[in-house]
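Fold the following and give me the result.
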Amino acid sequence: MNPAPTRGWPRTALLLHLLLRRSLVDWFRVYDSIIDDPKVLQLSLEFRWYYVGLLAISSRQSERGSLPSERQIAIHLRVRSKTVTRMVEFFLSSGFLEQDVNTKQLRIHGWERRQPKSDDVTERTRRFKERERERSGERSEERNGNVERALTERSVSAQKGAPLDAPSFPPLTLPLLSPPLIPPTKKSPGEPAFILPDSINGNDWLDYEEMRRKIRKPMSNRARQLAVAKLQELQRSGHAPSAVLQQSILHSWQGLFPIQSQRNGHAAAKAAHAPSDPAPDPRSQEQRDADERKYQELIASRKAKA
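Okay, the predicted model is just below:
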């Protein structure tokens, strides 16, 4: 945010200051050798800042390197006109500024040497666009010339009665693009690429990786290699890799496990706690009838006593 004008200046000073900014380049070079420059070291801290301010003002001019009138310099630096007069006299005598004898125009000494014109990006852009326009014009003229020659040749052939050759176009060939079987992932430097073995179904594997991403457990190449090793181990034990993958997908399991039978989990626990069939009664039918009569008589006597 620009500071307010110095007390004593009219209110339009800041507006005038903004209107004076006509330069197309809004920066200038400051070399690190400035802190060791003997001419700069002889300046006071106040005048060092004034010198940097004069560089900035000169960079803003339409003719970079030149300085405006002392009144405008005072507006830019927010100082009194007397201070600017004293400043200009000192910088002229010290070699920081130079003044044209005829026009009395003030300029920064050595501006062209330290601020080359190549810094003007606008000028470089303009030259580049001009070169591009010239090249595009040459290409369009060349295309127009080729078209005119082709039309002339066809018209001459038609006048002579020769059949017109149909335009021939090269056959259109499209590359066969096949999606990768394994989605690409970021791998660390030196990590080998993952290749799915032929013994594992690719669709089941992709469904398994999709399930892992949904449960927020995506697989790295190292995790894929371990999963393939686990599937091969289970396959040697008689468990098909597709069945193992489908089992993990069905239950949203992160790992891979042997195929479980239908009576597993709660069903196996329920079967373990189920009562077994009663053992056969070794008594004969007559003994069972006699025991039953005794039991009924005992119940009847207890009811009578009650």
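
quick one: low-confidence parts of the stretch 201-306 of the chain?
Across the stretch 201-306 of the chain, the ranges flagged by pLDDT under 70 are 261-281, 306.

Tell me where it has strands.
For the stretch 201-306 of the chain, applying DSSP state E, counting those that start in this stretch gives no strands.

And the helices in the chain, which stretches?
Assigned by DSSP state H, the helices in the chain fall at 13-19, 38-41, 45-60, 70-77, 81-94, 111-114, 121-160, 202-214, 221-236, 241-251, 266-273, 285-305.

I'd like the ones you listed written out as a markdown table, with distance to Asp100 and mean neighbour count added.
No exception for glycine: its C-beta is placed from N, CA and C like everyone else's. A markdown table is the format used below for the helices of the chain (distance: least, C-beta to C-beta, whole Å; neighbours: other C-beta atoms under 10 Å):
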| stretch | distance to Asp100 | mean neighbour count |
| --- | --- | --- |
| helix 13-19 | 24 | 13 |
| helix 38-41 | 21 | 11 |
| helix 45-60 | 14 | 17 |
| helix 70-77 | 15 | 19 |
| helix 81-94 | 12 | 15 |
| helix 111-114 | 13 | 12 |
| helix 121-160 | 24 | 10 |
| helix 202-214 | 75 | 16 |
| helix 221-236 | 73 | 16 |
| helix 241-251 | 87 | 17 |
| helix 266-273 | 102 | 9 |
| helix 285-305 | 141 | 9 |
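
Just put the ones you listed in JSON lines and tack on distance to Ala193.
Compiled in JSON lines, the helices of the chain are given as follows (distance: least, C-beta to C-beta, whole Å):
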{"stretch": "helix 13-19", "distance to Ala193": "61"}
{"stretch": "helix 38-41", "distance to Ala193": "61"}
{"stretch": "helix 45-60", "distance to Ala193": "55"}
{"stretch": "helix 70-77", "distance to Ala193": "64"}
{"stretch": "helix 81-94", "distance to Ala193": "68"}
{"stretch": "helix 111-114", "distance to Ala193": "55"}
{"stretch": "helix 121-160", "distance to Ala193": "43"}
{"stretch": "helix 202-214", "distance to Ala193": "15"}
{"stretch": "helix 221-236", "distance to Ala193": "7"}
{"stretch": "helix 241-251", "distance to Ala193": "21"}
{"stretch": "helix 266-273", "distance to Ala193": "43"}
{"stretch": "helix 285-305", "distance to Ala193": "79"}
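
now for those helices, which one comes closest to Asp26?
Shortest distance between Asp26 and those, using C-beta to C-beta, is found for helix 45-60: 7.7 Å.

Just the CA atoms of that closest one, as CSV, please.
C-alpha atoms of helix 45-60 as CSV (Å, rounded to 0.1, in the frame of the first residue of the first chain):
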residue,chain,number,x,y,z
LEU,A,45,22.6,6.1,4.9
GLU,A,46,20.1,8.8,4.0
PHE,A,47,21.7,9.5,0.6
ARG,A,48,22.1,5.8,-0.1
TRP,A,49,18.4,5.4,0.1
TYR,A,50,18.0,8.5,-2.1
TYR,A,51,20.2,6.9,-4.8
VAL,A,52,18.2,3.7,-4.8
GLY,A,53,15.1,5.9,-5.1
LEU,A,54,16.6,7.7,-8.1
LEU,A,55,17.3,4.3,-9.8
ALA,A,56,13.7,3.3,-9.3
ILE,A,57,12.4,6.6,-10.6
SER,A,58,14.7,6.3,-13.7
SER,A,59,13.4,2.8,-14.3
ARG,A,60,9.8,4.1,-14.4
